[in-house]
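Trainee: turn this into a structure:
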Amino acid sequence: MDSDHDGRRKKLKAAILAHLRLSPLAADTAEGVVECWLSEGGFKAAPQLIDQVLSEMVEQRLLVAHTLPDGKTLYAGVMNPLKDSL
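Mentor: The predicted model follows:
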């Protein structure tokens, strides 16, 4: 991985965690994360990067993931009190 890609991943992860600190009840799909959580971060052009970082954050137990009936995945912070009902 090149340093630019690694830097963007770190910036993206930090932006997601910052959003969750401000909105601990937030839960959304990857598309919603980009549109609502990161609208000012310039990440719209990197959907594969978003998916990769969200998956890494689930593996690191920074996020929880729940598959919705339509097959999309809903992501929430591990501190979200609603996570067990997702």
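
Trainee: check contacts around Leu63.
Mentor: Contact analysis of Leu63 by CB atoms under 8 Å, 6 or more residues apart in numbering lists Ile16, Leu54, Met57, Tyr75, Ala76, Gly77, Val78. From N, CA and C alone the C-beta is placed, and that goes for glycine too.

Trainee: check which helices and strands the lowest-mean-pLDDT helix or strand in the chain sits against.
Mentor: None of the helices or strands of the chain scores lower by mean pLDDT, DSSP states H and E than helix 3-22, at a mean of 88. The contact analysis (3 or more CB pairs under 8 Å, 6 or more residues apart in numbering; DSSP states H and E) places helix 3-22 against helix 47-59.

Trainee: what strands line up against the following helix or strand past the helix it packs on, and which way round?
Mentor: Downstream of helix 47-59, the next assigned helix or strand under DSSP states H and E is strand 63-67. Strand pairing for strand 63-67, using DSSP bridges, gives strand 73-77 (antiparallel).

Trainee: report the central residue of this protein.
Mentor: Taking CA atoms, centre = their mean, the centroid of the chain lies closest to Leu54, which sits 4.5 Å from it.

Trainee: contact partners for that one?
Mentor: Counting by CB under 8 Å, 6+ apart, the residues that Leu54 touches are Ile16, Ala30, Val33, Leu63, Ala65, Thr73, Tyr75.

Trainee: so the second one sits right up against Pro47, yeah?
Mentor: Translated: Ala30. Yes. Counting by CB atoms under 8 Å, Ala30 touches Pro47, with 7.3 Å between them.
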